[in-house]
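1. got a predicted structure here, sequence first:
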Amino acid sequence: MHPAKSVIFFTTASGAGYGLVFLLIAADLAGLLPASFWLSFTGYAVGFALIIGGLLSSTFHLGHPERAWRALTQWRSSWLSREGVMAIFTFLPTGLFALHQLFWPGDFPVLAPLVGLAGMAAAAVTVYCTAMIYASLKPVHGWHNGYVPVGYLLFSLITGLVLVNALFAVFGFSSLPLLLVGLGALALGLVFKVAYWRFLDGTQSLSTPESATGLGEFGRVRLFEAPHTEANYLMQEMGFRIARKHAAKLRRIALLCAFMLPFLLTLPGIFATGLVGVLCLCLAVVSCAVGMVTERWLFFAEARHTVSLYYGTAHA
Amino acid sequence: MTSLPKQPSGKKLGLVIDLDICVGCHACAVNCKEWNTGGHSAPLTDTDPYGAAPSGVWFNRIHSFEVTNEQGAGRTVNFPKSCLHCEEAPCVTVCPTGASYKREEDGIVLVNADHCIGCKLCSWACPYGAREYDADAGVMKKCTLCVDKIYNPNLPEESRVPACVSTCPTGARSFGDLGDPDSDVSRLVASRGGFDLMPEQECRPTNKYLPPRPKKTGDGAAPAQALTPVTDSSAGLLARWVDRILSA
């Protein structure tokens, strides 16, 4: 599948934003958030900026961005529509909780945690809806499986953890539980991504050139002549292919930058205080961002669509 | 509304494509383009039509496949493909805006170009590649089954069939109601063993394909041998004379 920049930025950025907002609320409810106005303010500002930036970028690839509001109408059947509705709804509880935390901390002791929990749930459901846009597409075998929603939720949490730990360090705080959870999530992310790639390499779609043409009873089917000499929309959008040697290299870059380096850079955050710890945790954010963008690029570029069976590929 | 119609009328207009007859002349694709560039989804934009990399919107494309059996004998099958107007059309249910819809009265799948936001998700959801994005108009387009031709009272009765059907010089394409088991097309499908493309994708396509008929020499026959040179003894007088002159 064609890896569109706007969609890669959207899924990684708003995923990180939802992860960060989720964790800020969770940390507050768990009593882990230091009473620092500017830490909370910066955290929510970064979180909402990532979410809004991602959502805006997702409209850039539309043919008619001015009609985007129509995408909120078909939530009964469409995961893309559900995602739009949830993205907008999520601003309500998360925004209210953020305002409460910033300006009226301690007020509404019963109502506030409920709103916070609702915000956390809404953020998670929004990320789940994003994942289901892809996981619901049966023609793309690499997406139509349980790995995809789990991966989107896990990577959203991981990027949020890396961000929240850097945020704490920048403001001179440190939360051992959050650092430890961050390390655990990064290790889990690494294992999960390797498992997904093993699955991807060992599986292929039920659809074949034989089933696509219905000519299997006559023998093996091979494209003899394409419908035209030049590439068409379908081949550009769905027939994107990536050289195997690049794929292997990019997979190593993704694992290294998204999980391994942030893991190693989080360790000093536990033991070293002061500038070294801050620097390491900030570098972890940069590394994780590079790794996640690479991971997401591969998620699209490595996915094969059944329509490519009509254009000369042997399996999808 | 992008939910599929709950109580379809039972009428399922569609095409039956005979892979035995199709000669791969591309006339159906050309007439499709001709009719539809002035029809319901007009225009079918072309970019760089006379340049180095021409590209454009086509609702109908003709592939050619080579099928080789275990004995090594092959056959070429010309394979026209357009929207299959599926009963379980995934392109309709993924649409976030309601622009993509399946008509209750005859099962035709259409796009409302005034509501389409051009997100392209429907083209990802279609396993067959039936959707065509018009980058110039910023909306998705697709085969309309010539909805503006088949119901057009200004046309003579015999012309009220899709453009691809009316133009096919070999009669490889038939149009009719596949929801009616007694229709000509349904009987054709039953008698010839018509099949669905990619049934495992569970889209329940309306359009059916008819398999190539068995070869007269038999499908299990060994591949034809390469020609061998004619020996002197069996060659005629003229051939031997020409051979002698040329060999000299």
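-> Ah, there it is. All of these numbers come straight from a predicted model, not from anything done at the bench.
2. for residue 183, grab the count of nearby residues.
-> You didn't say which chain, so I picked chain A. 19 (other C-beta atoms under 10 Å in any protein chain shown). Where you see a C-beta, it was placed from the backbone N, CA and C, and this is true even at glycine.
3. not quite, go with chain B.
-> Neighbours of residue B:183 (other C-beta under 10 Å): 16.
4. ok, it touching residue B:176?
-> Yes: counting by C-beta atoms under 8 Å, residue B:183 touches residue B:176, with 4.8 Å between them.
5. quick one, what contacts residue B:212?
-> The neighbours of residue B:212, taking C-beta atoms under 8 Å, 6 or more residues apart in numbering or on different chains as the test, are A:215, A:218, B:19, B:20, B:75, B:77.
6. please apply the same query to residue B:56.
-> Applying C-beta under 8 Å, 6+ apart, we find residue B:56 in contact with A:232, B:44, B:45, B:46, B:47, B:49.
7. any idea how far the third one lies from chain A?
-> Which is residue B:45. Separation of residue B:45 from chain A (C-beta to the nearest C-beta, to the nearest Å): 11 Å.
8. so which strand or helix has the closest residue to chain A within chain B?
-> Residue nearest to chain A within chain B: residue B:118 (2.0 Å; C-beta to the nearest C-beta). Following DSSP states H and E, one finds residue B:118 outside all helices and strands.
9. hmm, residue B:133 and it touching each other?
-> Yes: look at residue B:118 against residue B:133 with C-beta under 8 Å: they come within range, at 7.0 Å.
10. where along the stretch 101-250 of chain A do the helices fall?
-> With DSSP state H, counting those that start in this stretch as the criterion, the stretch 101-250 of chain A has helices at A:111-135, A:147-170, A:176-201, A:209-213, A:233-238, A:244-255.
11. what sits against residue B:149?
-> Per C-beta under 8 Å, 6+ apart, neighbours of residue B:149: B:35, B:39, B:155, B:159, B:160, B:161, B:162, B:163.
12. could you redo the last one with a cut-off of 7 Å?
-> B:35, B:155, B:160, B:162, B:163 (C-beta atoms under 7 Å, 6 or more residues apart in numbering or on different chains).
13. may I see the buried residues of stretch B:31-50?
-> B:31, B:32, B:33, B:35, B:36, B:39, B:40, B:41, B:44, B:45 (16 or more other C-beta atoms under 10 Å in any protein chain shown).
14. gap between the two ends of it?
-> End-to-end span of stretch B:31-50 (C-alpha to C-alpha, to the nearest Å): 19 Å.
15. same deal with stretch B:17-27?
-> End-to-end for stretch B:17-27, by C-alpha to C-alpha: 14 Å.
16. what is the neighbour count of residue A:91?
-> Using other C-beta under 10 Å, residue A:91 has 18 other residues around it.
17. which SSE is immediately downstream of the helix or strand of chain A with the lowest mean pLDDT?
-> When the helices and strands of chain A are scored by mean pLDDT, DSSP states H and E, helix A:244-255 comes last with a mean of 90. Downstream of helix A:244-255, the first helix or strand assigned by DSSP H and E is helix A:261-271.
18. now the angle between helix A:176-201 and that next one, please.
-> 170 degrees (axes from the mean of the first three to the mean of the last three C-alpha atoms, to 10 degrees).
19. quick one: mean pLDDT for helix A:261-271?
-> Helix A:261-271 carries an average pLDDT of 93.
20. tell me which residues in it are buried?
-> A:261, A:262, A:263, A:265, A:266, A:268, A:269.
21. the host helix or strand of residue A:284: which residues count as buried?
-> Using DSSP H and E, residue A:284 falls within helix A:275-301. Across helix A:275-301, burial judged by 16+ other C-beta under 10 Å covers A:277-285, A:287-301.
22. same check, this time on stretch A:306-316
-> A:306, A:307, A:308, A:309, A:310, A:311, A:312, A:313, A:316.
23. now what about that stretch, what contacts it?
-> Stretch A:306-316 is contacted from outside by A:139, A:141, A:204-205, A:207-209, A:212, A:223, A:226, A:234-235, A:238-239, A:304-305, B:63, B:81, B:127-129, B:198, B:201, using C-beta under 7 Å, 6+ apart.
24. try stretch B:30-38
-> B:42, B:43, B:44, B:58, B:59, B:60, B:144, B:146, B:149, B:163, B:164, B:167.
25. how about a cut-off of 6 Å?
-> Contact with stretch B:30-38 is made by B:43, B:44, B:59, B:60, B:163, B:164, B:167, as judged by C-beta atoms under 6 Å, 6 or more residues apart in numbering or on different chains.
26. and for stretch A:181-194?
-> A:154, A:157, A:158, A:161, A:165, A:259, A:262, A:263, A:266.
27. 8 Å instead, please
-> Contacts of stretch A:181-194 (C-beta under 8 Å, 6+ apart): A:147, A:150-151, A:154-155, A:157-158, A:161-162, A:164-165, A:254-255, A:258-260, A:262-263, A:266-267, A:295.
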